[in-house]
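K.L.:
What follows is a predicted structure for the sequence shown.
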Amino acid sequence: MIRTYIKIAWRNLLKNKAFSAINILGLAIGMAGALLIALWLQNMLGMDRFHEKSERLYIISNRDTYQGELQAWTNTPKIMGPTLKTDFPEIESFTRIEQGDKFLTSYADKNVVSSVSFVDPGFFNMFSYPLLKGAKTNLLEDANSVVITEKYAKALFGNDDPIGKTIKIESKYLVTVQAIVKDPSSSSSIQFDYLLSWDLAKKMGYVDINWSNNSTYTYILLREGTSLVDFNAKIRLFSQNHINVGDNEIKSTNEIFAFPYKDTYLYDRSEQGAYTAGRIQLVRLFTWIGAFILLVACINFMNLSTARSERRAKEVGVRKVIGAQRKSLIFQFIVESILISIVAMILALVFIVLVLPAFNNLVEKNLTISILSGRTWLFLIGFTFVTGILAGSYPAFFLSSFKPLKTLKGKLNSYNKGLSIRSILVVIQFSIAIILTIATIIVSRQIQHTKDRDRGYNDNGLLATRFTGTLEKNYLSLRNELLASNAVIAVSKNMSPVTDRYSNGWGFSWQGSTENDKKFSFDRFSTDADAVKSLGFKLVAGRDIDVYKYATDSAAMLLTESAVKRMRLQNPLGQTVNGDGRDWTVVGIIKDFIVESPFQKNYPMIILGPHAWFTNIHYRLNPNKSTATNLKTIETIFKKFNPDYPFEYKFIDKNFEDKFKETRAIGTISMLFSGLTIFISCLGLFALIAYMAETRMKEIAVRKVLGASLTQVTSLLSIDFIKLVMIAILVASPIAWWLTEKWLQDYSYRIEIQWYYFLITGLMAILISMATISYQAIKAALSNPVDSLRNE
């Protein structure tokens, strides 16, 4: 019986090639879009969940009030991990992970700069990174040991066996290769080229025992059967108990808690001191978008199938007369739908293979379809059948409901019969398309609005280089030669790139400050000289810090306008601010500048003189010379003072642009899928108007004979569909406003939703619909009535 159904379905496909092609194409595009989103979301949902002990892995997090808001963050003191392990028997193992640094590593005549992470010996007991060579026991227990990745081993040793070989770190420290580990996959948020022992970090001066210095990540493995709720209750005041000792003037209110490591990638933003937001919102958003795209494609299928009901009516009537039950007819039509879904799936997979490289670039992932995986095929088969049943359910019930007597007498008016349901489906289709289009416009406007925001510094021709090797040691000579070269016009060394915040701190006091003021945390930056000239800060009052011109500027301080406001200073210049164990003198006031997220408000910031620490050097290129000429000169100077290291730099304007990556990607993906939704909807509209024109050809011919004009006939065929699109605009607009307003609430610096966004989108929807409808409507109106009436 099924074989017969498949035969009939195949014949119907071939018999109506144009409609079949539109049906299959619309369904294939919808399935491809939904599958691409599913592939992306699967990667996000699977992040960090491959570890065998993931159910017992946790990251230690802090919770405290910061700048008036209860917040949570995952940076912890370096001393916390071993102290927790000693004090709480519930902890089976722990590791600290200090990652992000790049070191020069040397072997024989090869020098490679790679990403390094310092870890404790418990790392491999906790995380599942497979070893390719070497023994798992006693890894990284020795300060002079290293574990390297497969890719790094190839780069440094070629085809030689690296086990037992010695490499040099930072031209100074000798370490022996203990093991080779498989390269971390794209589903791991911990990425590294090689791992060094925490004991080596001590030798290199990276370790302190300051309980107020939150500067590393601490991970724990709880013993089986340990209650997370009970454990968090025990450790809640652990940090306070170590900070609030002695004669500290400021008492900490900091709390700590363990958070499941497998959830850190998805829940990466805190709200009211709890991790309840972040990428998980992106997952939810695109789950809905994927579902909507598939729904639009299925609606397309339903509309086209029911619109052609008259063609199948007599077949249904004959089958019922000879004894066919309604359930067997429903089953037949479902089988036909699944067959079309199978063909559409094959075409969808072709589309995915073609667009996946571009999609990977957009989402910055390495997504692949595991063709040889049984789970993949099981999912694809299930997805195909579910889509086929979903798309074919309404047509199956609709077609099987025909009365045999009416159908055999030819009294069925399929257009009117199915009009109400089809109208609702068309409205739903276009409503979804309009919502996505409005969302795309608002995301685009929000990005542009933020880009146009006053950054507070001038990033044109501004570069930053991280201190490596002997750069900091030779900084003064480097600075002098750079300025003398005429390739740069200003140089400043700083705590961090101007686009990032590396530090914040509390405990500052000034004349008129209160005890409560000491608990307020200020963002911190630093400079030796020429910060205004180099970075393009806007000086409001006073002068810049310049330790080379003013010897006392080693204890000088700049304040941003929001810091002056927070300190309630009427005459800030010359004021003394106490903090970090010394007195600082305010010498200048600058306008606020954007640090971290450009979508959020500026926090009060202090810029400290050279008694602070430094990690970067900023320099402004000479605008009278070409960038290439400047960089060539600068590279020669850097190589002179740091010969073992490659010359690396970052353009600050590129750094700032990178902050829009995720939001821009959301906007671009929304735009692409809203375009797909509109295309699928218009594809269905095109087929509907074509079929309606075909079934009403005699009516059109009679009207033309009686004197109807081209405009009247065109309006007759198109007006109903234009009405549906206008209803869709009215339905979609308030929903789109509510959704986008909710999304914008996450941004402190945001646009206001304007009425003309909806007007533009509505006009676009009407124009596109009219363009889709007009061709078939005009074609029908121009047809010769004789051809339609000659048989009457």
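P.N.:
Here it is on my side, so go on. Residues are numbered from 1 along each chain as shown.

K.L.:
average model confidence for stretch 49-58?
P.N.:
Mean pLDDT, stretch 49-58: 95.

K.L.:
list the buried ones in that stretch?
P.N.:
51, 53-54, 56-58 (16 or more other CB atoms under 10 Å). To be clear about C-beta, it is placed using only N, CA and C from the backbone, and glycine gets the same treatment.

K.L.:
which one of those is nearest residue 180?
P.N.:
Proximity of the buried residues of stretch 49-58 to residue 180 (CB to CB) peaks at residue 51, which lies at 19.2 Å.

K.L.:
Next, the contact list for the closest one, please.
P.N.:
Each residue near residue 51 by CB atoms under 8 Å, 6 or more residues apart in numbering is listed here: 57, 126-128, 261-262.

K.L.:
can you put those in CSV and add distance to residue 760?
P.N.:
Shown next, in CSV, are the contacts of residue 51 (distance: CB to CB, whole Å):
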residue, distance to residue 760
57, 49
126, 53
127, 51
128, 51
261, 45
262, 43
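
K.L.:
Determine the three-state secondary structure at the residue nearest to residue 505 when sequence neighbours are not counted.
P.N.:
Nearest in space to residue 505, with sequence neighbours left out and distances taken as CB to CB, 6 or more residues apart in numbering, is residue 524 at 5.7 Å. Put simply, residue 524 is strand when judged by DSSP: H, G, I helix; E, B strand; the rest coil.

K.L.:
can you tell me how far residue 524 sits from residue 88?
P.N.:
33 Å (CB to CB, to the nearest Å).

K.L.:
Please apply the same query to residue 742.
P.N.:
Distance from residue 742 to residue 88, by CB to CB: 41 Å.

K.L.:
More neighbours: which of these two?
P.N.:
Shown here are residue 742 and residue 88; by other CB atoms under 10 Å, residue 88 has more neighbours (16 against 9).

K.L.:
check contacts around the more buried one.
P.N.:
231, 234-235.

K.L.:
Looks to me like residue 115 is in a strand.
P.N.:
Yes - the assignment for residue 115 is a strand, going by three-state DSSP.

K.L.:
For the residue nearest to it when sequence neighbours are not counted, which residues are in contact?
P.N.:
Leaving aside its chain neighbours, residue 115 sits nearest to residue 193 (4.8 Å; criterion: CB to CB, 6+ apart). Applying CB under 8 Å, 6+ apart to residue 193 gives the contacts 114-116, 148-149, 151-152.

K.L.:
again with residue 240
P.N.:
251-255.

K.L.:
same thing but at 6 Å, please
P.N.:
252, 254 (CB atoms under 6 Å, 6 or more residues apart in numbering).

K.L.:
coming back round to it: check the gap between the residue nearest to residue 115 and residue 104 for me.
P.N.:
12 Å.

K.L.:
Pull up the distance across stretch 570-587, start to finish.
P.N.:
One end of stretch 570-587 sits 14 Å from the other (CA to CA, to the nearest Å).

K.L.:
ok, and what's touching that stretch?
P.N.:
Here stretch 570-587 has contacts from 507-510, 542-543, 555-557, 559, 564, using CB under 6 Å, 6+ apart.

K.L.:
Of the residues you listed, which belong to helices?
P.N.:
residue 564 (DSSP state H).

K.L.:
Between the contacts of stretch 570-587, which sits nearest residue 355?
P.N.:
The closest of the contacts of stretch 570-587, once distances to residue 355 are taken by CB to CB, is residue 559, at 51.1 Å.

K.L.:
Okay, the closest residue to residue 287 other than its chain neighbours and residue 295: tell me how far apart.
P.N.:
Distances taken as CB to CB, 6+ apart place residue 41 nearest to residue 287, at 6.4 Å, with adjacent residues excluded. Using CB to CB, one gets 17 Å for the distance from residue 41 to residue 295.

K.L.:
And residue 641, by the same measure?
P.N.:
In terms of CB to CB, residue 641 sits 62 Å off from residue 295.

K.L.:
mind checking the longest helix of the chain?
P.N.:
Max-length helix for the chain by DSSP H is helix 326-363.

K.L.:
tell me the average confidence for that helix?
P.N.:
Rounded mean pLDDT across helix 326-363 is 86.

K.L.:
Nearest to the spatial middle of the protein, which residue is it?
P.N.:
residue 662 (4.2 Å; CA atoms, centre = their mean).

K.L.:
any idea what that one is structurally, helix, strand or coil?
P.N.:
Once three-state DSSP is applied, residue 662 turns out helix.

K.L.:
just to revisit the earlier point, between the contacts of residue 193, which sits nearest residue 731?
P.N.:
residue 115 (50.7 Å).

K.L.:
can you give me the helices for the stretch 151-300 of the chain?
P.N.:
198-203, 228-235, 238-243, 279-307 (DSSP state H, counting those that start in this stretch).

K.L.:
Buried deepest among the ones you listed, which one?
P.N.:
Among the helices of the stretch 151-300 of the chain, ranked by average contacts under mean count of other CB atoms under 10 Å, first place goes to helix 279-307 (a mean of 22).

K.L.:
That one - contacts with which helices or strands?
P.N.:
helix 17-45, helix 374-399, helix 419-451, helix 661-695 (3 or more CB pairs under 6 Å, 6 or more residues apart in numbering; DSSP states H and E).

K.L.:
can you put these in JSON lines and add mean pLDDT and distance to residue 3?
P.N.:
Shown next, in JSON lines, are these (pLDDT from 0 to 100; distance: least, CB to CB, whole Å):
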{"stretch": "helix 17-45", "mean pLDDT": "88", "distance to residue 3": "20"}
{"stretch": "helix 374-399", "mean pLDDT": "81", "distance to residue 3": "17"}
{"stretch": "helix 419-451", "mean pLDDT": "85", "distance to residue 3": "32"}
{"stretch": "helix 661-695", "mean pLDDT": "80", "distance to residue 3": "29"}
